[in-house]
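Visitor: have a look; sequence and predicted model below, questions after that.
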Amino acid sequence: MKIKVIFLDFDGVINGLEPSNGSFEEGWPLSHIEAVLVEKINKIVETIEAINTDQEIKTKIVISSSWRIRFSLDELRNMLQTKGLRADVIDVTPRIYPTRFSERVPRGREIQSWLNSCQADYSVVKFVILDDIPDMVHLMPYLVETDDRTGITDSDVEKAIQMLT
Ligand SMILES: [Mg+2]
């Protein structure tokens, strides 16, 4: 299957430090996913699908957020759907453990590892990384860096659409 992939971080992308609806009281973790920002992810996917000329290519979500360490893929998928996500979440990126105590594994390496290992199931034609932290090493050109105070904005949505088109 040919796919376009959105690698999705949560904190600083689908939540901000200043929640736009002012409702962080609902209780963690669901209160830390903002429906209004999830809707922007729908906008990216649905715009790309609408302008796609090759009907064989689908746009899918892979979760790169550290939330994947605490929650299962099903739990993450359910949370996102509860908050209004209509796109398919197909996987999470693998967790790569450091080989030395002092080492921090950049998220870009985990994303590259997913890209390498997905090849049996998918052919990735394009991808974009949505994240508020630029630790993407050689994948920096694929990053749309969000502002953790606001989460994803309309201009980030436009950038992501351009990069996936
Ligand atoms: Mg983040």
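Guide: Looks like it came in fine.
Visitor: give the helix, strand or coil label for Val5.
Guide: Classification of Val5 using DSSP: H, G, I helix; E, B strand; the rest coil returns strand.
Visitor: which SS class is the closest residue to it other than its chain neighbours?
Guide: Excluding the flanking residues, the one nearest Val5 by CB to CB, 6 or more residues apart in numbering is Phe127, at 4.0 Å. For glycine as for every other residue, the C-beta is placed from the backbone atoms N, C-alpha and C. Three-state call for Phe127 (three-state DSSP): strand.
Visitor: burial of Phe127, as a residue count?
Guide: A count of nearby residues for Phe127, using other CB atoms under 10 Å, gives 20.
Visitor: pretty sure it contacts Ile44?
Guide: No. Phe127 is not in contact with Ile44 according to CB atoms under 8 Å; the separation is 12.0 Å.
Visitor: common neighbours of those two, please.
Guide: 6, 164 (CB atoms under 8 Å, 6 or more residues apart in numbering).
Visitor: can I assume Glu75 sits in a helix?
Guide: Yes. According to three-state DSSP, Glu75 belongs to a helix.
Visitor: break down this structure into its strands, ranges please.
Guide: Taking DSSP state E, the strands of the chain run over residues 2-8, 58-63, 89-92, 123-131, 143-145.
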